[in-house]
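> with the sequence up front, the predicted model follows.
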Amino acid sequence: MDAVRLGDELDDYCTRCRLLTNHSAVAIVEDAVKKVRCRTCNHEHDYRQGQGGHKKKTTKASAYEQVLASVLAGKEKEVPVPAAPVRRRSRPALTPRRPMRPR
C-alpha cells in the first residue's frame, strides 16, 4: 500500500458522530497517521485505526436474565392457580338526557 499523505481519505471511527466515517489525514509522524478530521462533522481527533464504539459486554436484558436466574436458583417452579372469574354487576339502563336548548 502507498504511504498516506496529508489530506488523504481514511476510514476511522469518529468520536463525535460515533460512526465509522470518512476522515482526512491531518497529522503524520514517521509515516504513521496521528490525527484525522471527520469529513462529516469536521471533528479532529486521534487516529484510531477504525477501532471504537465497542459494544457493552452485557446488555440490560442479559443482566436481567442473570439476576433472575440467581434469584430463582434452587426454587421450585410455582404453578399459577387460575383465578375465579370476576362477576360483574349489571349496569342500570342509561336514562336519556334532555336535549340541549339553543341559545
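Received, thanks. Residues are numbered from 1 along each chain as shown.
> so, low pLDDT: which residues of this protein?
1, 53-58, 77, 92-93 (pLDDT under 70).
> who does residue 14 bridge with?
Assessed by DSSP bridges, residue 14 has beta-bridge partners residue 19.
> surely it and residue 24 touch.
No - here residue 14 lies out of contact with residue 24, judged by Cβ atoms under 8 Å, at a distance of 11.8 Å. (Each C-beta comes from the backbone N, C-alpha and C, glycine too.)
> compare these two (neighbour count), which wins?
Using other Cβ atoms under 10 Å, the more surrounded residue of residue 14 and residue 24 is residue 14, with 22 against 17.
> how close does that one get to residue 35?
Per Cβ to Cβ, to the nearest Å, residue 14 is found 13 Å from residue 35.
> quick one: common contacting residues for the two?
residue 45 (Cβ atoms under 8 Å, 6 or more residues apart in numbering).
> where exactly do the helices run in this protein?
60-72 (DSSP state H).
> how about the strands in this protein?
9-14, 19-29, 32-38, 44-46 (DSSP state E).
> okay, those in JSON lines with distance to residue 84 next?
Listed next are the strands of the chain as JSON lines, based on distance: least, Cβ to Cβ, whole Å:
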{"stretch": "strand 9-14", "distance to residue 84": "60"}
{"stretch": "strand 19-29", "distance to residue 84": "56"}
{"stretch": "strand 32-38", "distance to residue 84": "64"}
{"stretch": "strand 44-46", "distance to residue 84": "65"}
